[in-house]
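K.L.:
okay, predicted coordinates and the sequence, questions at the end:
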Amino acid sequence: MKKSAYQNLAENQQRHWWYKGRRDVIKKTLEKYILNRDKQILEIGCGAGGNLTMLKEFGTVSAVEMNDFAREYSMTNSGVKVAKGSLPDALDIPEDLLETVCLFDVLEHVQDDKEALIKIHGLMKSDGQLILTVPAYQWLFGHHDEQLEHFRRYSMRALKRLIKECGFSVTYSSYFNFLLFPVAVLVRVLNNFSDKLMPLGTNKPNEKINTLLYKVFKQETKLIPRFKIPFGLSIIVVLKKTQ
């Protein structure tokens, strides 16, 4: 991503409705699927570190980030060690070591997503877990994605096919961010007609709107991960290394 995108992320990741809502969904999922709270957890592509403090509730956390500004910002604000690296090749980690890997809205930024997942597979222990989120529906790909330097969006079917090819099995899968789906689709369509609009989920709206959107988004944690949601702007999956 561009430097301005990382700076925007640093400014908004703690209070913006989208980042807060996604963090709540991820936390609820981890509470169900990470039973041992003494795990060694690695977040790859941690950005400005908005999830690292939350992840420390589930084990010993380290991270990898390719951007220098984001890496320094993450370490300063979370106290977590963040190494320089990127997928699929620039990861200086021994094989068969990792217990839990987190990849939150990162895979769409990697040109060769299959090679990236194969690389992660090789670094994980035989019973390791991978928790993954990605943006949903290629038909929504547009100006928003181009600004954030995405290569693609995913359908659940395509993602599961890719996962299987890379040696993982699915423990849990669901779409999320579904309550705001109609509004978000409209905004994305309008966004495609103007290159002056910032990507949705970057600049924080005024406080009242931000609070309202967050309250709506947070309602989804009453369903996830107890149920599988059939549609939404994003996908979350919990994977296990099987080969």
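P.N.:
Received the coordinates, thanks.
K.L.:
distance of T60 relative to L52?
P.N.:
Applying CB to CB, to the nearest Å, the value for T60 to L52 is 12 Å. To be clear about C-beta, it is placed using only N, CA and C from the backbone, and glycine gets the same treatment.
K.L.:
and the two? Which one has more around it.
P.N.:
Neighbour count, other CB atoms under 10 Å: between T60 and L52, L52 has more, with 23 against 13.
K.L.:
how about the contacts made by the more buried one?
P.N.:
For L52, the contacting residues are E43, C46, V61, A63, S74, S78, V80, by CB atoms under 8 Å, 6 or more residues apart in numbering.
K.L.:
filter the residues you listed down to the ones in strands?
P.N.:
When DSSP state E defines the strands, the subset of those inside them is E43, V61, A63.
K.L.:
which one of those is nearest D92?
P.N.:
A63 (13.3 Å; CB to CB).
K.L.:
and for that closest one, the neighbour number?
P.N.:
Around A63 sit 26 other residues, with neighbours defined as other CB under 10 Å.
K.L.:
equivalent analysis for Q219, please.
P.N.:
Neighbour count for Q219, taken as other CB under 10 Å: 12.
K.L.:
what do you get for F178?
P.N.:
Using other CB under 10 Å, F178 has 20 neighbouring residues.
K.L.:
so it, which state does it fall into?
P.N.:
Classification of F178 by DSSP: H, G, I helix; E, B strand; the rest coil places it in coil.
K.L.:
which pLDDT does the model give K2?
P.N.:
Looking at K2, its pLDDT stands at 69.
K.L.:
er, L179 actually
P.N.:
Per-residue confidence (pLDDT) for L179: 94.
K.L.:
quick revisit: and the contacts of L52, which are buried?
P.N.:
E43, C46, V61, A63, S74, S78, V80 (16 or more other CB atoms under 10 Å).
K.L.:
among those, which one sits closest to L159?
P.N.:
Ranked by distance to L159 (CB to CB), those are led by E43 at 19.2 Å.
K.L.:
who touches the closest one in this structure?
P.N.:
Residues in contact with E43, defined by CB under 8 Å, 6+ apart, are N51, L52, L55, V61, S62, A63, V64, V101, C102, L103, F104.
K.L.:
if we use 10 Å, what do you get?
P.N.:
Shown in contact with E43 (CB atoms under 10 Å, 6 or more residues apart in numbering): 49, 51-52, 55, 61-65, 74, 80, 82, 100-104, 106, 131.
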